[in-house]
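S.K.: quick one, what's the 3D model for this:
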Amino acid sequence: MPWSNQSGGGGGPWGGPPKNPGPWGSGPQGGGPSGGGQRPPDLEDILRRSQDTIKNLFPGAGGGRVGGKGAALVALGIVAIWLATGFYTVRPNEVGLNLVFGRYVGTTLPGLNYNWPAPIGSVIKPTVTEVKTMEIGVRSMADQRRGARSPVDEALMLTGDENIVDIDFAVQWQISPTAPQDYVFNLRGPEATVKAVAESVMREVIGKRNIQPILTTDRQIIETEVRTRMQDVLDRYKAGVVIRLVQLLRADPPAEVIDAFRDVQAARQDQDRAKNEADTYASSIVPVARGDAQRVVQEAEAYRSQNVAEAKGAASRFDQIYAEYKNAPQVTRERMFLETMERVFGRVDKIIIDPKNGGVVPYLPLNELSRPSSPPQRPGQLGSNAARPQDAPR
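M.R.: Prediction:
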């Protein structure tokens, strides 16, 4: 390539200020019919001006072979230094987004990486591990200085039973480590978008519930549902945001009617307490009554079983006696008579009179004689009918 100064005025970074310099060291270029625009920088024009600068540094380079080689080496060194500026470092809490001519071309992990140096390439390094906290319904001093709207407008929400509840909640979110390019290129105002989505979803969830569960039992359910719905909406937006936590800071009736709501709450607590006491009393009485009823039923069933068994036994005995009676009627009648007399006279005192002998027949109680006699009393032991010492005459 011939070493000739084509700039006409010897202008350049080292040769003096050029006439009407542009942003890339050249004069204004015509960009259209009106001549008011500028062309993008031309790489060949930059190299040509670099050669002109090297020629000015080495005046004898235009006439000799040695001077031309030295200029080429210097040019290559400059290009190498320019290419070396493309190395960059990504920290462990960051992700690198490579841009070439303003267009996203890829993501790089933490460590040493390379991209085309400026002005061809650039790198955006968002922090993906930082968890940000946003409070809705609570206005800080910074918000007041910034002129943000009153927290009353954010906190007052309409419930499903047409009541108004004052909700303050916080949202913790961070940039998605898997899609940081969505966060950088798809959202113009990330914090405003997250806040608008959080407020909208919270109003939707609160609008489907009555005020009493909101104030008492459904806080955990509301937090989980709001977080899930927010993540779904942001994923549809391709916002590149991950919702970590939604926490209800306060859920109260409006300040104008909070005293009345507290009275109602106290009345409900008294009602629940009375109901629990009634349930406790019923729990102590009902099992006892059921036990008594079960005992009566079991006694009746036992009595029935006993009578049925005795009746069956008597019928079976009668059948057996009748069978014997058919075989020997006289003997059976006499035996039945004797057994009956034995049962009747066995429990009474008896005096036998024989009219044939003309008097009372002596009766010897063999059964009483066969009974064991009472043990002899020890000396000094009082009998059952003996007088006690205190009953003795004085």
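S.K.: only C-alpha atoms from now on, for both contacts and neighbour counts.
M.R.: Noted.
S.K.: what are the bridge partners for the closest residue to Leu215 other than its chain neighbours, then?
M.R.: Among residues not flanking Leu215 along the chain, Ala251 sits closest, at 5.9 Å (Cα to Cα, 6 or more residues apart in numbering). Ala251 has the following beta-bridge partners by DSSP bridges: Ile167.
S.K.: and the gap between Ala251 and Val194?
M.R.: 21 Å (Cα to Cα, to the nearest Å).
S.K.: those two: which is more packed in?
M.R.: Val194 (22 against 18; other Cα atoms under 10 Å).
S.K.: so that one sits in a strand?
M.R.: No - according to DSSP: H, G, I helix; E, B strand; the rest coil, Val194 belongs to no strand; its state is helix.
S.K.: give the burial count for Pro254, as a bare number.
M.R.: Pro254 has 18 nearby residues by other Cα under 10 Å.
S.K.: in this structure it contacts Val165, no?
M.R.: Yes - using Cα atoms under 8 Å, Pro254 makes contact with Val165 at a distance of 6.0 Å.
S.K.: list residues touching both of those two?
M.R.: Leu156 (Cα atoms under 8 Å, 6 or more residues apart in numbering).
S.K.: and the helix or strand Glu191 falls within, average pLDDT?
M.R.: Under the criterion DSSP states H and E, the helix or strand holding Glu191 is helix 190-206. Per-region confidence: helix 190-206 scores 92 on mean pLDDT.
S.K.: what comes into contact with it?
M.R.: Counting by Cα under 8 Å, 6+ apart, 134, 136, 154, 157-160, 171, 183, 187, 214, 222, 225-226, 229-230, 233-234, 239 sit against helix 190-206.
S.K.: after it comes which helix or strand?
M.R.: helix 211-215.
S.K.: which strands and helices sit next to that following helix?
M.R.: Helices and strands touching helix 211-215, as assessed by 3 or more Cα pairs under 8 Å, 6 or more residues apart in numbering; DSSP states H and E, comprise strand 241-252.
S.K.: and whichever strand or helix holds Arg304, average pLDDT?
M.R.: Here Arg304 sits within helix 258-327, counting by DSSP H and E. Across helix 258-327, pLDDT averages out at 88.
S.K.: send the alpha carbons of the helix or strand following it over as PDB?
M.R.: As assigned by DSSP H and E, the chain's next helix or strand after helix 258-327 is helix 329-345. Taking Å, rounded to 0.1, in the frame of the first residue of the first chain, the C-alpha atoms of helix 329-345 are listed here in PDB:
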ATOM      1  CA  PRO A 329     -93.800 -95.500  84.400                       C
ATOM      2  CA  GLN A 330     -94.200 -96.800  88.000                       C
ATOM      3  CA  VAL A 331     -90.500 -96.500  88.800                       C
ATOM      4  CA  THR A 332     -90.300 -93.000  87.300                       C
ATOM      5  CA  ARG A 333     -93.400 -91.800  89.200                       C
ATOM      6  CA  GLU A 334     -92.000 -93.100  92.500                       C
ATOM      7  CA  ARG A 335     -88.600 -91.500  91.800                       C
ATOM      8  CA  MET A 336     -90.100 -88.200  91.000                       C
ATOM      9  CA  PHE A 337     -92.300 -88.300  94.200                       C
ATOM     10  CA  LEU A 338     -89.200 -89.000  96.300                       C
ATOM     11  CA  GLU A 339     -87.100 -86.300  94.700                       C
ATOM     12  CA  THR A 340     -89.900 -83.800  95.100                       C
ATOM     13  CA  MET A 341     -90.400 -84.700  98.800                       C
ATOM     14  CA  GLU A 342     -86.600 -84.400  99.300                       C
ATOM     15  CA  ARG A 343     -86.600 -80.900  97.900                       C
ATOM     16  CA  VAL A 344     -89.600 -79.800  99.900                       C
ATOM     17  CA  PHE A 345     -88.800 -81.300 103.300                       C
END
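S.K.: understood, closing this out.
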